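Asker: Have a look; sequence and predicted model below, questions after that.
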Amino acid sequence: MITIRSGIRDYDVNFEKTTGFLSELDRTPQRLYAIDENVWRLYRGTLFREVDPCDVFLLVADEDRKTMDTVFELYDHLITRPSKRNTTLISVGGGIVQDVTGFACSTLYRGINWIYIPTTLLAQADSCIGSKTSLNYHDRKNLIGSFYPPSHIHVYTPFLETLEDDYFFSGLGEVVKLAIIGGEKSMTEMVGLLPDASRRSPDSLFKCVERSLLIKHRYISEDEFDTGKRNMLNFGHCFGHALESATHFSMPHGQAVVVGIILANIVAKQRGILSDRLFNFMADSLLMPCLTTKPKRSDLNVGHIVSAMEMDKKRTGNDLALIMVDDRYEMSKVTDLKPDEVRDAIEQYVRMYPADD
Ligand SMILES: NC(=O)c1ccc[n+]([C@@H]2O[C@H](COP(=O)([O-])OP(=O)(O)OC[C@H]3O[C@@H](n4cnc5c(N)ncnc54)[C@H](O)[C@@H]3O)[C@@H](O)[C@H]2O)c1
Ligand SMILES: [Zn+2]
């Protein structure tokens, strides 16, 4: 178990080896469920056979549904119930279900009790801790949100067996990102785990999830409200977000982050803070092996990527921002990245990893 100290309320992550926790949770007074419809379809006859369907609100995990409209539907469902502020919502699903239900729990009756069971690799290894809830607004991602952690998180890694490959490898990208941020030891351990983890061997997945959360915990415990150190968790995301928007989100998020890390590492190499040796080690042993959706040549359009980086909501100055890792395995953020460096990095990437199209 990990206990997380939070300015809002302390909360814990419980690593479950068996399904007994589900029966226990079902005995929580005044509990209701909000469950990803795919997860419900896959597990209603097995893991959730004790759950009364009348107590379940189903959610469609689609970015277009990560909006206030879905939150309103959930409010409507919850307010018809006899329980009010004393309701406990148990939500089950990936990051979309987490974001929608977390936002609803943080606002309905000024906050109701919330228990979360993450079911995707991204949600188990990364998003379930850190207190953030986000909704999309118009065409902007994660524009609305709050800080509100669940009171308890239950991580059961066998859920990952049924995850589609795209989502699985997208989550693996974030796992690798955290392993690099964690420093030399965690990076080396991840190199050992990656082949088994890619085959979804239960032991290695459990270790990946546990280690990722421990690393993320180090960063959020010092900066829960994202004003400094926590920024480093955006490693790979400066280029990654730009690549996602340049590809109209056809690249899975965590895969764009992997390419984003390689591009950031090219810049770090050009700036003389990262050696060829460490660059190649990361690329060959960690990053390329989990890149299953490679960007097309047309996706790597310098103009599109620079203008998307200029739109980054975390940007402050005139130049572009970038998070990099150096030869001492230390992370730093620069805010003086020039469009020419972006161009050079993309051109080098294309030479090193020619696209198939
Ligand atoms: N709040 C945060 O801190 C935070 C952090 C990172 C990302 N996010 C958000 O998370 C979202 C992405 O979440 P995600 O990658 O976890 O995926 P997701 O919630 O989008 O789900 C992906 C797909 O997997 C299905 N699914 C979920 N669990 C399954 C299982 N066990 N077996 C089979 N199918 C399953 C879903 O129905 C969906 O089709 C984005 O909206 C992102 O903005 C939030
Ligand atoms: Zn991410």
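Answerer: Received, thanks. Ligands and ions are numbered 1, 2, ... in the order given.
Asker: Give me the pLDDT for the residue in the chain that ligand 1 sits nearest to.
Answerer: As assessed by Cβ to the nearest ligand atom, ligand 1 sits closest to residue 95 within the chain, at 2.0 Å. Placement of C-beta: from N, CA and C, glycine included. Per-residue pLDDT puts residue 95 at 97.
Asker: now swap in the one 3 residues further on and tell me
Answerer: According to the model's per-residue confidence, residue 98 sits at a pLDDT of 98.
Asker: State the number of residues packed around it.
Answerer: Close neighbours of residue 98, defined as other Cβ atoms under 10 Å, add up to 30.
Asker: Roughly how far does it sit from residue 126?
Answerer: 11 Å (Cβ to Cβ, to the nearest Å).
Asker: Check residue 234 too.
Answerer: Applying Cβ to Cβ, the value for residue 234 to residue 126 is 12 Å.
Asker: same question, residue 192
Answerer: For residue 192, the distance to residue 126 equals 20 Å [Cβ to Cβ].
Asker: Specify which residue of these two has the higher count of neighbours.
Answerer: Legend: neighbour count by other Cβ under 10 Å for residue 192 and residue 126, higher for residue 126 (24 against 12).
Asker: Which residues are in contact with the more buried one?
Answerer: Under the criterion of Cβ atoms under 8 Å, 6 or more residues apart in numbering, the neighbours of residue 126 are 171, 174, 175, 178, 212, 213, 216.
Asker: Would you agree the first one is in contact with residue 120?
Answerer: Yes - taking contacts as Cβ atoms under 8 Å, residue 171 lies within contact range of residue 120: 5.9 Å.
Asker: Please say which of these two ends up with more neighbours.
Answerer: When neighbours are counted by other Cβ under 10 Å, residue 171 and residue 120 differ, and residue 171 comes out ahead with 30 against 27.
Asker: so what's that one closest to, chain neighbours aside?
Answerer: What sits nearest to residue 171 in space, not counting adjacent residues and going by Cβ to Cβ, 6 or more residues apart in numbering, is residue 121, at 2.7 Å.
Asker: Tell me how many other residues crowd the one you found.
Answerer: Neighbours of residue 121 using other Cβ under 10 Å come to 29.
Asker: Equivalent analysis for residue 114, please.
Answerer: Applying other Cβ under 10 Å, we find 25 residues neighbouring residue 114.
Asker: who touches the helix or strand hosting it?
Answerer: For residue 114, the host element (DSSP states H and E) is strand 113-118. Strand 113-118 has contacts (Cβ under 8 Å, 6+ apart) with 25, 28, 31, 86-94, 98, 101-102, 105-106, 124, 127-128, 148, 150-156, 159.
Asker: got it, and stretch 97-106?
Answerer: Applying Cβ under 8 Å, 6+ apart, the contact partners of stretch 97-106 are 34-36, 59, 61, 65-66, 70-71, 74-75, 78, 89, 91, 111-114, 116, 118, 123, 127-128, 132-135, 142, 144-148, 150.
Asker: in the stretch 201-350 of the chain, what spans have low per-residue confidence?
Answerer: 313-317 (pLDDT under 70).
Asker: quick one: the helices in it?
Answerer: Assigned by DSSP state H, counting those that start in this stretch, the helices in the stretch 201-350 of the chain fall at 202-222, 237-246, 253-270, 276-282, 302-310, 339-352.
Asker: Pipe the ones you listed into a markdown table and attach distance to ligand 1 and mean neighbour count per row.
Answerer: Below are the helices of the stretch 201-350 of the chain laid out as a markdown table (distance: least, Cβ to the nearest ligand atom, whole Å; neighbours: other Cβ atoms under 10 Å):
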| stretch | distance to ligand 1 | mean neighbour count |
| --- | --- | --- |
| helix 202-222 | 10 | 19 |
| helix 237-246 | 10 | 25 |
| helix 253-270 | 7 | 24 |
| helix 276-282 | 22 | 15 |
| helix 302-310 | 16 | 17 |
| helix 339-352 | 24 | 16 |
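Asker: nearest to residue 330, of these?
Answerer: helix 253-270 (11.0 Å; Cβ to Cβ).
Asker: any idea of the angle the closest one forms with helix 237-246?
Answerer: Calculated by axes from the mean of the first three to the mean of the last three Cα atoms, to 10 degrees, helix 253-270 forms an angle of 130 degrees with helix 237-246.
Asker: what's the distance between helix 253-270 and the middle of its chain?
Answerer: For helix 253-270, the separation from the chain centroid amounts to 17 Å (computed by Cα atoms, centre = their mean, to the nearest Å).
Asker: circling back to that earlier point, which one of the contacts of residue 126 sits closest to residue 252?
Answerer: For these, the closest approach to residue 252 (Cβ to Cβ) belongs to residue 171, at 9.0 Å.
Asker: Toward the C-terminus from the helix or strand hosting the closest one, list the very next helix or strand.
Answerer: Using DSSP H and E, residue 171 maps to helix 165-181. For helix 165-181, the following helix or strand on the C-terminal side (DSSP H and E) is helix 184-198.
Asker: now what about that following helix, what contacts it?
Answerer: Here helix 184-198 makes contact (Cβ under 8 Å, 6+ apart) with 169, 172, 175-176, 178-180, 203-205, 207-208, 211, 215, 282, 285-286, 289-290, 329.
Asker: ok now that helix, how far from the chain's centre?
Answerer: Relative to the centre of its chain, helix 184-198 is centred 19 Å away, using Cα atoms, centre = their mean.
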